[in-house]
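>>> Below are the sequence and a predicted model; questions follow.
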2 protein chains.
Amino acid sequence: MGINIFDIAKEAEVSIATVSKVVNNTGRISDKTRKKVLEIIEKHNYTPNSLATALTGKFSYTLGLIIPNLANPFFGEIAKSVEDRARELGFSVMICSTDYDADREASYFTLLQKKRVDGVIILSGFEDQQTITRNLVKPNMPVALIARDIPTISINSVSIDDFVGGYEAAKHLIGLGHRRMGLIVENIRCAKERVRGFNQALEEHDLQLDESLVLLGEATVPNGKKLALQLLSGDEPPTAIFATNDLLAIGTIQAANEHGLKVPQDVSVIGFDNTMLATITDPPLTTIAQPMEQMGRQIVDLLVQELKGDVTHKQRIVLLPELVVRKSTGLR
Amino acid sequence: MGINIFDIAKEAEVSIATVSKVVNNTGRISDKTRKKVLEIIEKHNYTPNSLATALTGKFSYTLGLIIPNLANPFFGEIAKSVEDRARELGFSVMICSTDYDADREASYFTLLQKKRVDGVIILSGFEDQQTITRNLVKPNMPVALIARDIPTISINSVSIDDFVGGYEAAKHLIGLGHRRMGLIVENIRCAKERVRGFNQALEEHDLQLDESLVLLGEATVPNGKKLALQLLSGDEPPTAIFATNDLLAIGTIQAANEHGLKVPQDVSVIGFDNTMLATITDPPLTTIAQPMEQMGRQIVDLLVQELKGDVTHKQRIVLLPELVVRKSTGLR
DNA sequence: ATATTCAAGGAAAACGTTTAACTCCCTTCA
DNA sequence: TGAAGGGAGTTAAACGTTTTCCTTGAATAT
């Protein structure tokens, strides 16, 4: 179909080896020949077929990114930073959105293997991260984890200290005088870590979580609203609610409004992630910030290091989340 | 590195052609041989190298998507739907986020050609859509446009009728009794179409736009806020503001709040896009909805049809936007 | 004048598939 | 008994590169 190296070689009256050398700036080619070849390349708008290049060479210069849902701003920001950094390093990214479907997550992994990507970054949507654990038994390709972690296996990862995140959230609320808190928790391991951290802070202040105020569910705004409504209509409602991500927190604010409660006067709400959403709610959301951009960049660096063989030891990078105080939390 | 078809063939004591036929379910192979081959494939976890497959075959089964910024929910939703539909049709997607950088947009186009994607979907971030117009002079690959349109060239596209969108927005505001309106306009062609439509409705009601109330700028929340503040602090501020996308509209709501004005009592705000953001602002945003999911799916269908040679005539599909009334607009 | 070195470029193998054409060999049928 | 037919599998070319030797001819050194 398209023009290929033979066509160029023929028209320039040189061998394909010469063309290849001109294109890649390798070998020794006289200025005259180089110029002639370049002219013809220009004329036909020739670009080497990377499929063929990848087939001969060691790398395809393509990375895979498996992520639950691109339409979710948290994942979108991660995807963007991964793509940006990959590009800086000369890699393209094949992005795969699983829609929280475990089969799809697994089949994407296989697909990416077929496509001979040089490595895969996974942000699993599942508690047990099935894809990874299943596939890491016989990993024929570098894999790295972002924003999630599996403590038991040796794998490059960049994530945050979820425990500290939860701890900070609780500390903030306790500092504001809250004693009775509700939790809305996404059903994944890292969210549970956040709850553990939250509990730790509570214990240090001789407080105890009322287990009936801990609700689990899927991370969407409507679901956050539903669960928060449940929390707020109880006999003894909490004065503050910690939601393990911004979407749930936003649902919580909506629930409060609907229930006739003012945020933060009647009930404080604190989220997790610090996506752009946190800045546009009313009131703007106090939340625990994850460094999404940094995570994306660092995991790409780690993965590329690994696949280039630069580094022997795998790394587990743990970034620290930070409290961002806005207007959704206030004094008891 | 990995295991290949030769290894399988050798261990199964058959030729590589046989292995290939087993894998692809082509040709005639006895059940016995098939079973043996499959066993060995299973044992070694063999998957054919798609680079090689793509090299021999007609397709790479990969599409490219060039888009301004994945972190923006509008683009995220589009990217998701494109990816979803592509997957259903057996294609992977290479997503390229240009960050509104014209050079990057162009270089991504070249990159995708090199990678031998079967086709490219472009959502250009630029007024003149440089990449496309420049590259469509000699297009060696199917290209399709989403959410943007170039009236002068023959190319598959799915977009909305921006004129009607603007018209609907104006009609809504006029119906609520507004007579003096401000506009915050993104600097791209489609946004200007929206303004044209807006004007049309105005004219039909013998109203005229005060040109001093039409402000242009980049589509971000902070910028929307800045421009809206400008609008609202004028001598004779508008009673309603039409922003050509949700981000700008959200900035406008923030500006109103900051300026001590209530939305919608003191000033009405209407946006464009209907991203998830519109549901989480306070008040929830009245906006003109674009069918992002449908656009994504349809453009993939069109592109795949084109590259498979199913259809001869290119299509320009124009979807109609719809007014979604929420709480940010009210009676004058 | 001959040997040595070096710059410039070419030949061919390798990467991992698919596929058209072909070869066997076993049935079937007249 | 021999021809025809068809099932099962093989051979080899093709896809478009990169890269490792080679070859050639000219310049330089002795």
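Cool, got the structure.

>>> what's the residue nearest to A:G217 when sequence neighbours are not counted in contact with, if anything?
Distances taken as Cβ to Cβ, 6 or more residues apart in numbering or on different chains put A:N223 closest to A:G217, at 4.9 Å, once the chain neighbours are dropped. (Glycine included, C-beta is placed from N, CA and C.) Going by Cβ atoms under 8 Å, 6 or more residues apart in numbering or on different chains, A:N223 touches A:G217, A:L248, A:G251.

>>> Which residue comes closest to A:Y167 once chain neighbours are left out?
A:G197 (3.8 Å).

>>> how about the helix or strand where that neighbour lies: buried residues?
Here A:G197 sits within helix A:189-204, counting by DSSP states H and E. Neighbour-count burial for helix A:189-204 flags A:R189, A:C190, A:A191, A:K192, A:E193, A:R194, A:V195, A:G197, A:F198, A:N199, A:A201, A:L202 (criterion: 16 or more other Cβ atoms under 10 Å in any protein chain shown).

>>> List the buried residues for whichever helix or strand comes after that helix?
Downstream of helix A:189-204, the first helix or strand assigned by DSSP H and E is strand A:214-217. Buried residues in strand A:214-217, defined by neighbour count with 16+ other Cβ under 10 Å: A:V214, A:L215, A:G217.

>>> What pairs with strand A:214-217, parallel or antiparallel?
strand A:181-186 (parallel) (DSSP bridges).

>>> Compute the inter-axis angle for the strand it pairs with and helix A:189-204.
On the basis of axes from the mean of the first three to the mean of the last three Cα atoms, to 10 degrees, strand A:181-186 is oriented at 160 degrees to helix A:189-204.

>>> what about the helix holding A:G197, distance to the chain center?
22 Å (Cα atoms, centre = their mean, to the nearest Å).

>>> For that helix, which helices and strands make contact with it?
helix A:162-175, strand A:181-186 (3 or more Cβ pairs under 8 Å, 6 or more residues apart in numbering or on different chains; DSSP states H and E).

>>> Output that helix as CSV, restricted to C-alpha atoms.
Listed next in CSV are the C-alpha coordinates belonging to helix A:189-204 (Å, rounded to 0.1, in the frame of the first residue of the first chain):
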residue,chain,number,x,y,z
ARG,A,189,-8.0,-2.5,49.3
CYS,A,190,-6.6,1.0,49.3
ALA,A,191,-9.8,2.5,50.6
LYS,A,192,-9.7,0.1,53.4
GLU,A,193,-6.2,1.2,54.2
ARG,A,194,-7.6,4.7,54.4
VAL,A,195,-10.2,3.5,56.9
ARG,A,196,-7.4,1.9,58.9
GLY,A,197,-5.5,5.1,59.1
PHE,A,198,-8.7,7.0,60.0
ASN,A,199,-9.3,4.6,62.8
GLN,A,200,-5.7,4.9,64.0
ALA,A,201,-6.2,8.7,64.5
LEU,A,202,-9.4,8.1,66.3
GLU,A,203,-7.9,5.6,68.7
GLU,A,204,-5.1,8.1,69.5
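
>>> now, which of the buried residues of helix A:189-204 sits nearest A:V82?
A:C190 (18.2 Å; Cβ to Cβ).

>>> Helices of chain A, start to end?
A:5-12, A:16-24, A:31-44, A:50-56, A:73-88, A:102-114, A:130-135, A:162-175, A:189-204, A:221-232, A:246-258, A:277-280, A:292-308 (DSSP state H).

>>> Tell me what A:G64 is bridged to.
A:M94, A:V120.

>>> got the contact list for it?
A:V93, A:M94, A:C96, A:Y108, A:L112, A:K115, A:V117, A:G119, A:V120, A:I121.

>>> from chain A, which residue is nearest to chain B?
A:D282 (3.2 Å; Cβ to the nearest Cβ).

>>> Could you verify my assumption that that residue touches B:P284?
No. Judged on Cβ atoms under 8 Å, A:D282 makes no contact with B:P284 at a distance of 10.1 Å.

>>> In chain A, which residue is most central in space?
A:I78 (4.4 Å; Cα atoms, centre = their mean).

>>> Let me see the contact set for that residue.
So A:I78 contacts A:I67, A:L123, A:I146, A:A147, A:M292, A:M295, A:G296 (Cβ under 8 Å, 6+ apart).

>>> Which single one of those is nearest to DNA strand C?
If you rank the contacts of A:I78 by distance to DNA strand C using Cβ to the nearest atom of the strand, A:I67 comes first, at 26.9 Å.

>>> quick revisit: deepest in the core, which of the helices of chain A is it.
helix A:246-258 (a mean of 25; mean count of other Cβ atoms under 10 Å in any protein chain shown).

>>> hmm, back to that, using TSV, lay out the helices of chain A together with distance to A:G330 and mean pLDDT.
Below are these laid out as TSV (distance: least, Cβ to Cβ, whole Å; pLDDT from 0 to 100):
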stretch	distance to A:G330	mean pLDDT
helix A:5-12	68	95
helix A:16-24	62	96
helix A:31-44	65	95
helix A:50-56	56	95
helix A:73-88	25	97
helix A:102-114	40	91
helix A:130-135	41	65
helix A:162-175	10	98
helix A:189-204	18	96
helix A:221-232	16	97
helix A:246-258	12	96
helix A:277-280	16	94
helix A:292-308	27	96
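
>>> now those helices in JSON lines, with distance to B:D310?
Putting those into JSON lines (distance: least, Cβ to Cβ, whole Å) gives the following:
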{"stretch": "helix A:5-12", "distance to B:D310": "29"}
{"stretch": "helix A:16-24", "distance to B:D310": "35"}
{"stretch": "helix A:31-44", "distance to B:D310": "28"}
{"stretch": "helix A:50-56", "distance to B:D310": "24"}
{"stretch": "helix A:73-88", "distance to B:D310": "31"}
{"stretch": "helix A:102-114", "distance to B:D310": "24"}
{"stretch": "helix A:130-135", "distance to B:D310": "34"}
{"stretch": "helix A:162-175", "distance to B:D310": "49"}
{"stretch": "helix A:189-204", "distance to B:D310": "45"}
{"stretch": "helix A:221-232", "distance to B:D310": "39"}
{"stretch": "helix A:246-258", "distance to B:D310": "40"}
{"stretch": "helix A:277-280", "distance to B:D310": "41"}
{"stretch": "helix A:292-308", "distance to B:D310": "38"}
